[in-house]
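Novice: Build the 3D model from these lines:
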Amino acid sequence: MSTAHRQRSRSRVGPLTEGPASSLDVDVLLDDPGTRIIVCCGSGGVGKTTTSAALALRAAERGRRVVVLTIDPARRLAQSMGIEALDNTPRPVVGVDAGAGGSLDAMMLDMKRTFDEVVESQATPEKARQILENPFYIALSSSFAGTQEYMAMEKLGQIHGDAQRDGSYDLIVVDTPPSRSALDFLDAPERLSSFLDGRFIRLLLAPARGPARMMSAGVGLITNALTKILGAQVLRDMQTFVAAFDTLFGGFRQRAQKTFELLQADGTAFLVVAAPEPDALREAAYFVERLSEDRMPLAGLIVNRASPEPQGDLSADEAMAAAARLRTQDPESLTAGLLRLHADRSRMVEREARLRERFGAAHPEVPTAVVPALAGDVHDLEGLRRIGDLLAGG
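Specialist: This is a model prediction of the structure:
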């Protein structure tokens, strides 16, 4: 990351404090009109969707016109936003405090519908119908590895373009797909466009492209082999799909490049979300390094569901020693059990603090916010507001 680029990222989240890890000022990020897109990313199961919704709600109640794009949210989260059925169309969230002039819409990515929209926008009606009805396309658009990640960014591009034209939103918050690896999110557009423009697809296309002489003996042998492996009907479906889709290959690659440039733009801010666990923070470190390599604007790290600090001044060792003394006097002592729980909680907090310090020492340029775990699940707007307060350091 260049010095100028790093300075732009820093200025977006407020001044840095001394020490190995600075504090992420979430409200400065949300209030900055230059922040047009916030992308919450990280490995699966770290609370990206809840974090995205909480940020979107807080931004809306601070005066921004926000849409949040979620990826397969848990039912309770859709309910928390007052929407029983999210779909590919932004829907207003009821109950948002609009006193500051903001608003909040929510939507859930429909992967196949978004793919269909791309085809319909790029092809003639007749060719679009051929593609949409093709069995190989139906399988590709529903389950191909990387399609969900690509379509999330495709939908982001659509919303961003619409917002620029009609002024409907001034902030888009994106919850990235729950991939096996957070890096899949950045790789997906190139991987999908490379697949659609790859050597294997071109080989399938060769017989449909023209002169019979192109169908060399070598290609014939390969086609015969593929027929035995895939079956004649599957191969025909693939060849029919590729022949119809051929005119869109270049469009996909251009769209992938345009998406990448949108993610690199100054108006975009990446927030890496992680749990206070070694694997999750290791994944977060990989993602931070990848963002730096690709010159994408990183706003900071959110460590989610951290163990809350135990009450009292006793250290873990002191609590264990006191529990041991009480046990010798009364093996059934309730107080001794509570002291052991205090010691376990203290050690957990210390362990998580060491993990964060290790991350901060390796990445001192990354501002960090730590969000303590709540006692229960988030199931309403008030719960999202509480998460937003904690994100902002409340």
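
Novice: Angles on the backbone of Ile131, please.
Specialist: Main-chain dihedrals, Ile131, degrees, to the nearest 10: phi -70, psi -50.

Novice: Wait, it touches Tyr137, no?
Specialist: Yes - with contact defined as CB atoms under 8 Å, Ile131 reaches Tyr137; the gap is 5.3 Å. Placement of C-beta: from N, CA and C, glycine included.

Novice: Now do the strands in the stretch 101-250 of the chain.
Specialist: For the stretch 101-250 of the chain, the strands defined by DSSP state E, counting those that start in this stretch occupy 103-108, 171-175.

Novice: Parallel or antiparallel, list what pairs with the last one.
Specialist: Read it as strand 171-175. Strand 171-175 sits in its sheet next to strand 37-41 (parallel), strand 65-70 (parallel), going by DSSP bridges.

Novice: These: which one's closest to Arg58?
Specialist: Ranking the strands paired with strand 171-175 by proximity to Arg58 (CB to CB) places strand 65-70 first, at 9.2 Å.

Novice: Low-confidence bits of the stretch 51-200 of the chain, can you list those?
Specialist: 72-77, 83-85, 143-146, 178-185, 188-200 (pLDDT under 70).

Novice: Could you identify the longest helix within the chain?
Specialist: Taking DSSP state H as the criterion, the chain has its longest helix at helix 334-362.

Novice: thinking again about what came up before, what's the most buried one of the strands of the stretch 101-250 of the chain?
Specialist: For these, ranked by mean neighbour count under the definition mean count of other CB atoms under 10 Å, the leader is strand 171-175 at a mean of 26.

Novice: what sits up against that one?
Specialist: Strand 171-175 is contacted from outside by 30, 35-40, 48-49, 51-53, 55-56, 59, 64-71, 73, 152, 156, 159-160, 163, using CB atoms under 8 Å, 6 or more residues apart in numbering.

Novice: elements contacting the longest helix of the chain?
Specialist: Helices and strands touching helix 334-362, by 3 or more CB pairs under 8 Å, 6 or more residues apart in numbering; DSSP states H and E, are helix 278-293, strand 298-306, helix 316-329, strand 368-372.

Novice: ranking the ones you listed by mean pLDDT, which is last?
Specialist: For the helices and strands packed on helix 334-362, mean pLDDT drops lowest on helix 316-329, to a mean of 68.

Novice: I'd say Asn134 and Thr240 touch.
Specialist: Yes - between Asn134 and Thr240 there is a contact at 5.9 Å, judged by CB under 8 Å.

Novice: rewinding a little: TSV please, covering the strands of the stretch 101-250 of the chain and showing distance to Gly267.
Specialist: Shown next, in TSV, are the strands of the stretch 101-250 of the chain (distance: least, CB to CB, whole Å):
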stretch	distance to Gly267
strand 103-108	19
strand 171-175	10
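
Novice: do you know which of the ones you listed lies nearest Arg347?
Specialist: Going by CB to CB, the one of the strands of the stretch 101-250 of the chain nearest Arg347 is strand 171-175, 32.7 Å.

Novice: Report the angle between that closest one and strand 103-108.
Specialist: 30 degrees (axes from the mean of the first three to the mean of the last three CA atoms, to 10 degrees).
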